[in-house]
Each structure stands twice: as structure tokens, then as C-alpha cells.
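Visitor: Whatever this is, show me its structure:
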Amino acid sequence: MSKVTQNYEQLAMALGLRFDRERNVLYGLREGFELLVFAADTRYPYWLTVTLSARSPMGPLTKEDYKLFVKNEKPVVSLVQEGYLIKMTLKNVKKQEALRDNLNNGIGALLNFLRSKGFAPCCQLCGQQMETAGYGTKGGYMHLCPDCAGRMRQDVTITTQQKKQKNENLIGGIVGALLGSVIGVICIIFFSQLGRVAVLSGIVMAVCTMKGYEMLGGKLTKKGIVISVIMMIAMTYIGDRMDWAILVAREWDVDLFTGFQYVPVLLAEEIIESANYWGNLAMLYIFTVGGAIPTIMSIVKERKSEGEFGQIGSPRM
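Guide: Below is the predicted model of the structure:
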């Protein structure tokens, strides 16, 4: 068990909430409101957000309401309402005692504030004032009544099946990867002409190549990832050589195509220093790998979360 998970469990017990270990979410009822407590950004596990769903006959909260609440409640960083969903974010505090007090006081203050404005619990989607439960979806967490939860479960199942049945267009994917990699080449040349070898160019090459394959290929499979990686390797080389070709064309007063052909000749004659040439190319490949790995990991993670829909506190399906 990680230290964060252990701290979350202790925090849930201290506040009279329950803890979903699989999703790292605290949940439970307070004064009739179904609460979800979680870190919106997993990089900052103690920067907690509290959500609930509620409506008032007097209408939604105003900007003045937000400002007044945040001003009066020191542990609170922000308060916003999106539709029927109300989100409160607390300060990032690692010390457990302070975190517990901030969360407990923040929740109490929020519920008192909402009650004073006439808010009552409701479903996040339909707005009916009835019992709700927290659900985990691909896009985050929601507070749903049984009817809306049932409809969403059905919609998620249908959408997931449709994606699985969708055929991969190999030719379209290759064209898409090529077009995406061209954007990466432009980025490489742009930064190099500014006298920089930027990590951004590698990230752009990786992201645009794979997204291009996915857009025109219909979906990004393992085969698509392999093709995209091959395309990145080839186009990174071409982008670097094009950059040198521009330099050669400028210095030798020739056209770009001729400059492109001159590069290996000048390299063999050591007019272009091999250390500079290969060192620059190596840096570009390092940056491209640096962009490709997190992009691929993100795609794999997204694929795993496709079709995810389950009640908080129940095992993932």
C-alpha cells in the first residue's frame, strides 16, 4: 500500500467517509449530499477537490457567490458550478492534520453556504431532486440518479462496442501519419533555424504522427503505433537533413533540392562536421522518443479506460 493510499484511508475514517482504493476517491453522505473527494491532478495527491450535485429554486451560484465564499474560507482555493455540479478545491497541504481540518471545515462551510442559498441534492444530469450515487467514467466522476446511471451505462456499452467493431483503414492511417509527421518536420526546421534543438519539436513529431494515423485510420492499433514510430524515425531524419539543406542552399547559392543532395557529399568531405551533424540528429531522436513514450502511454491508458463506468465503491469492470 502506498503512502498516499494509506493517508487517504486515514483521512476517510477521520471524516466519516468511505474510501474507494481502486479509484483513490473518498465518498459518502453529508447532510443528504453525496460527496466525492479526489485529487483532480494525480501529480498533486493532496490538492483535493470536493464535488456534489445540487440545485436551487433561486438559480445557480453567481461569480459574487464564488468570490464571497473563497474570501471567507481560507482553506478554499476555488468554488465553481458547472450545470448542477458544484466543485470546491482546497489548498495543497501535505500535513495530515492540516489536510483533515481543511477538508472537514471546507465541507461544512460549503454545505452551510449551499443550504443558505436554498440548494438541495439532485442528479447531475437530469436535475431531479432525488438520491444519487457517485460514478466513475472515462471523463471523471459524476453524481447520478438510478435512471440516468442506467442510461449512461447503456450508452457507454454501445459506444464501446461500436469502437471495437470499427475497421482500421491502413492506407488512411499511413497517409494520416505522414501528414502529421510533416508538421513535426516543420517544427524541427523552425526551431533549428532559430538556433535551437527544442524538445517541443520531438513532442510535436510524436503526437501529430500518431494522432494523424488515428484520425485518418479510424483507430490507433498496435500495428498503427509501429507504423507511426517508423514514420517518426524516417521523418525526423528527413527533417534534420532538410534543415541542413536550407543551410547549404543559403551558403552555396543553390536551390533547396540541390542542397538536399549535397548534404551527404559535404558530410563525406568533412565540410559539414560529422560531430555536429550526428550530434544534432541524435538530440532530435532523443526528443522524439521523449515525446513518443508518454504519448503511447497516454493512448494505452485511454484505451484501458474506454467503456469504464461503475459506481464509486464497486470494483472496476
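Visitor: Return the distance of V76 relative to E34.
Guide: According to C-beta to C-beta, to the nearest Å, V76 and E34 sit 20 Å apart. Placement of C-beta: from N, CA and C, glycine included.
Visitor: Oops, could you answer that again for L52 instead?
Guide: 6 Å.
Visitor: Quick one: the helices in the stretch 1-150 of the chain, in order.
Guide: 3-15, 63-72, 96-116, 146-165 (DSSP state H, counting those that start in this stretch).
Visitor: for V50, which residues make a bridge with it?
Guide: V37, M88 (DSSP bridges).
Visitor: number of nearby residues for it?
Guide: 22 (other C-beta atoms under 10 Å).
Visitor: tell me the pLDDT at it?
Guide: pLDDT for V50: 97.
Visitor: so where do the strands sit in this structure?
Guide: 18-20, 25-30, 33-39, 48-55, 76-82, 85-90, 120-121, 133-137, 140-144, 309-311 (DSSP state E).
Visitor: Please name the strands paired to the fifth one in the sheet, noting orientation.
Guide: Spelled out, that is strand 76-82. Applying DSSP bridges, one finds strand 76-82 paired with strand 85-90 (antiparallel).
Visitor: Between strand 48-55 and the strand it pairs with, find me the angle.
Guide: 150 degrees (axes from the mean of the first three to the mean of the last three C-alpha atoms, to 10 degrees).
Visitor: Touching strand 85-90 from outside, list them.
Guide: 40, 47-54, 61, 75-81, 102-103, 106, 110, 114, 119, 124, 142-143 (C-beta atoms under 8 Å, 6 or more residues apart in numbering).
Visitor: Report the buried members of the residues you listed.
Guide: With burial judged by 16 or more other C-beta atoms under 10 Å, the buried subset of those is 47-54, 61, 75-77, 79, 81, 102-103, 106, 110, 114, 119, 124, 142-143.
Visitor: Distance of I272 relative to S201?
Guide: From I272 to S201 the distance is 20 Å (C-beta to C-beta).
Visitor: And for G279?
Guide: Distance from G279 to S201, counting by C-beta to C-beta: 15 Å.
Visitor: again with A234
Guide: Taking C-beta to C-beta, one finds A234 at 15 Å from S201.
Visitor: Please apply the same query to T42.
Guide: Using C-beta to C-beta, we find T42 at a distance of 27 Å from S201.
Visitor: out of these two, which sits in the busier spot?
Guide: Shown here are T42 and S201; by other C-beta under 10 Å, S201 has more neighbours (26 against 10).
Visitor: That one reaches C187, doesn't it?
Guide: Yes. Using C-beta atoms under 8 Å, S201 is in contact with C187, at 4.4 Å.
Visitor: Pull out the buried residues from the lowest-mean-pLDDT helix or strand in the chain.
Guide: Between all helices and strands in the chain, the lowest mean by mean pLDDT, DSSP states H and E belongs to helix 274-305, at a mean of 82. Neighbour counts over helix 274-305 (16+ other C-beta under 10 Å) mark 277, 280-281, 283-285, 287-288, 291-292, 295-296, 299 as buried.
Visitor: now the angle from it to strand 133-137?
Guide: Going by the same axes, to 10 degrees, helix 274-305 makes 140 degrees with strand 133-137.
Visitor: Start the count at 6 instead of 1 going forward.
Guide: Noted, 6 is the first residue going forward, which turns the last one into helix 279-310.
Visitor: what packs against helix 279-310?
Guide: helix 175-198, helix 204-222, helix 227-257 (3 or more C-beta pairs under 8 Å, 6 or more residues apart in numbering; DSSP states H and E).
Visitor: Pick the most deeply packed of the ones you listed.
Guide: Most buried of those, by mean neighbour count (mean count of other C-beta atoms under 10 Å): helix 204-222, with a mean of 23.
Visitor: CA-only coordinates of it in CSV, if you can.
Guide: In CSV, the C-alpha atoms belonging to helix 204-222 read as follows (Å, rounded to 0.1, in the frame of the first residue of the first chain):
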residue,chain,number,x,y,z
VAL,A,204,12.3,19.2,-27.1
LEU,A,205,8.9,20.6,-28.3
SER,A,206,9.8,19.5,-31.9
GLY,A,207,10.1,15.9,-30.8
ILE,A,208,6.9,16.0,-28.9
VAL,A,209,5.1,17.6,-31.8
MET,A,210,6.5,14.9,-34.2
ALA,A,211,5.3,12.1,-31.9
VAL,A,212,1.9,13.5,-31.1
CYS,A,213,1.0,14.6,-34.6
THR,A,214,2.2,11.4,-36.3
MET,A,215,0.1,9.1,-34.0
LYS,A,216,-2.9,11.4,-33.9
GLY,A,217,-2.7,11.7,-37.7
TYR,A,218,-2.8,7.9,-38.0
GLU,A,219,-5.8,7.7,-35.7
MET,A,220,-7.8,10.4,-37.4
LEU,A,221,-7.5,9.0,-40.9
GLY,A,222,-7.1,5.4,-40.0
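Visitor: Thank you, goodbye.
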